[in-house]
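Student: A structural model of the following input is requested.
(one chain, ligands or ions: 1)
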Amino acid sequence: MCQHCKDSSAPNPSHFEEGDGLANSPAHIDMAWSEYNELIKGMRFFDPHIHMVSRTTDDYQAMRQAGIVALIEPSFWVGQPRTGLSSFKDYYSSLVGWERFRSSQFGIKHYCTMGLNSREANNEPLAEQVMEILPLYIYKEGVVGIGEIGFDDQTPAEEKYYRLQLELAKEAKLPVQIHTPHRDKKRGTERSMAIALEHGLDPSWVIIDHNNEETVKSVLDQGFYAAFTIYPFTKMGNERMVKVVEQYGPERIMVNSAADWGISDPLAIPKTAALMKMRGISDETIRMVTYQNAIDAFGKSGQIDVSDFESGLSVEKTEKFHGNSILRGGQQPDVSKDSLVIQ
Ligand SMILES: [Zn+2]
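Tutor: The predicted model follows:
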C-alpha cells in the first residue's frame with residue numbers, strides 16, 4: 001500500500017454500502033473501546049502489515065493493550081521520493097534496528113520485510129543501486145520476507161524490479177509480500193500472480209496483499225495467501241471483511257491494518273475481530289485470520305518463534321539501543337493516557 005490514497009477519483013469501497021447488513025446490528029458503529037474490548041478479551045493478534053515508523057508511541061501502547069503481540073513492517077515508500085541511496089540504507093537499517101527496538105519496548109515483537117517498493121522502481125538509476133544493497137539487509141534477524149513489492153502504475157520498470165526481487169526471494173528462501181495496485185487492481189493482481197508462478201515460486205510462499213471481493217477467489221484458487229487491508233475510505237471496511245470470511249472461510253486469509261502516515265487505523269485488526277465476534281464467527285476462525293495464518297505464511301522464513309511473543313513479550317525498560325532509550329529522564333513507557341494530569 002502506501003500509495004493508496006493518491007487517486008482521489010477512485011471509487012471509495014470502504015464506506016458503508018447499501019444493504020450491507022448494518023440494519024441487523026447497528027449498535028457497533030458507536031461502540032466504545034471499553035465495550036468492544038470485552039468481546040476480544042484474551043485474544044492475541046498479529047498485524048502482518050503496518051508501517052510503525054509513521055506511528056506514535058500512543059499507537060504502540062493502544063495496540064499492545066488491544067492484544068497485538070507481534071507485527072510485520074514492510075518496506076515501502078515514505079510519501080515523497082527518496083533522493084539517494086543513503087535514504088534507503090537508513091530506512092532499511094531502522095526497520096531492523098531502532099524501530100524493532102522501539103516496538104519491543106512496548107511489548108510487541110517486530111518483524112519486517114525488505115524490498116524496493118513499486119513506485120520507486122520507476123527511478124531506474126536509483127533502483128539499480130538499491131538492488132545492489134538489498135542482499136545486505138534481507139538476511140538480518142527479524143526479516144521475514146521480501147516486500148512489499150509488485151505493481152503500482154504497472155510500468156515496464158516496475159515489472160523489471162518485481163521480477164528481480166522474486167528471484168532474490170527464491171535465492172534467499174524468503175516469503176514474498178505483494179502490494180497490489182489501487183488502480184486497475186484486478187488486472188494488476190492477476191499479472192502479479194502470473195509472474196510469480198512464471199518465476200517458479202510456490203504460491204504458498206506468496207502473500208497477495210490489499211485484496212477485495214473481486215480478487216480473493218482467484219488468489220485462493222491459485223494457492224496464494226490472500227491478505228486484506230482494513231483501511232478507512234480507500235480499501236476494505238471491516239463490515240466487508242466479515243462477509244469475505246463468512247463466504248470463504250479462514251484458510252489462507254489474513255487481515256492487516258497497513259496503517260501508515262495516511263489516515264489509517266492501527267487497531268483495525270482488534271476492531272475487525274470484535275466485529276466478527278458480534279456477527280457470530282467462531283473464535284477459531286477469528287484466530288486464524290487475525291493471528292495464525294500470518295505466522296504460518298511468514299514463518300516459512302524461519303525467523304518467527306512464537307514463544308517469543310505468545311505469552312507476552314517481556315519488556316526490559318532500561319534496555320538501550322546503541323546507547324539510546326525511548327525513555328526520557330527515567331520515565332516509564334507504559335504511561336496511562338487516560339489521566340488528565342501528566343506526571
Ligand atoms: Zn504498506
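Student: what's the helix or strand for N211?
Tutor: For N211, there is no host helix or strand (DSSP states H and E).
Student: what's the neighbour count on it?
Tutor: Residues near N211, counting by other Cβ atoms under 10 Å, number 27. For the C-beta atoms, the positions are set from N, CA and C on the backbone; glycine is no exception.
Student: doesn't T189 make contact with it?
Tutor: Yes. N211 is within contact range of T189, at 7.4 Å (criterion: Cβ atoms under 8 Å).
Student: overlap of the contact sets of these two?
Tutor: Both N211 and T189 are contacted by T180, V219, under the criterion Cβ atoms under 8 Å, 6 or more residues apart in numbering.
Student: which residues touch the residue nearest to the spatial centre of the chain?
Tutor: Residue closest to the average C-alpha location in the chain (Cα atoms, centre = their mean): H49, at 0.6 Å. Counting by Cβ under 8 Å, 6+ apart, H49 touches M1, I72, P74, E148, Q177, D209, A227, T229, N256, S257, A258.
Student: if we use 6 Å, what do you get?
Tutor: Shown in contact with H49 (Cβ atoms under 6 Å, 6 or more residues apart in numbering): P74, N256, A258.
Student: could you do K300 as well?
Tutor: With contact taken as Cβ under 6 Å, 6+ apart, K300 is in contact with P175, W205.
Student: still on that earlier bit, if you look at the contacts of H49, which of them are in helices?
Tutor: Among the contacts of H49, no residue falls in helices (DSSP state H).
Student: three-state assignment of G223?
Tutor: In three-state terms, and counting by DSSP: H, G, I helix; E, B strand; the rest coil, G223 is coil.
Student: neighbours of it, how many?
Tutor: 14.
Student: for the closest residue to it other than its chain neighbours, which residues are in contact?
Tutor: Distances taken as Cβ to Cβ, 6 or more residues apart in numbering put P203 closest to G223, at 3.7 Å, once the chain neighbours are dropped. Going by Cβ under 6 Å, 6+ apart, P203 touches Q222, G223, F224.
Student: let's have these in a markdown table, adding pLDDT and distance to the ion.
Tutor: Formatted as a markdown table, those follow (pLDDT from 0 to 100; distance: Cβ to the ion, whole Å):
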| residue | pLDDT | distance to the ion |
| --- | --- | --- |
| Q222 | 98 | 22 |
| G223 | 98 | 23 |
| F224 | 98 | 18 |
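Student: how near is the residue in the stretch 201-343 of the chain that the ion sits nearest to to H49?
Tutor: Closest contact between the stretch 201-343 of the chain and the ion, by Cβ to the ion, is at A258 (4.7 Å). Going from A258 to H49 by Cβ to Cβ, to the nearest Å gives 5 Å.
Student: flag every residue of the stretch 201-343 of the chain that's near the ion.
Tutor: For the stretch 201-343 of the chain, the residues in contact with the ion (Cβ under 5 Å from the ion) are A258.
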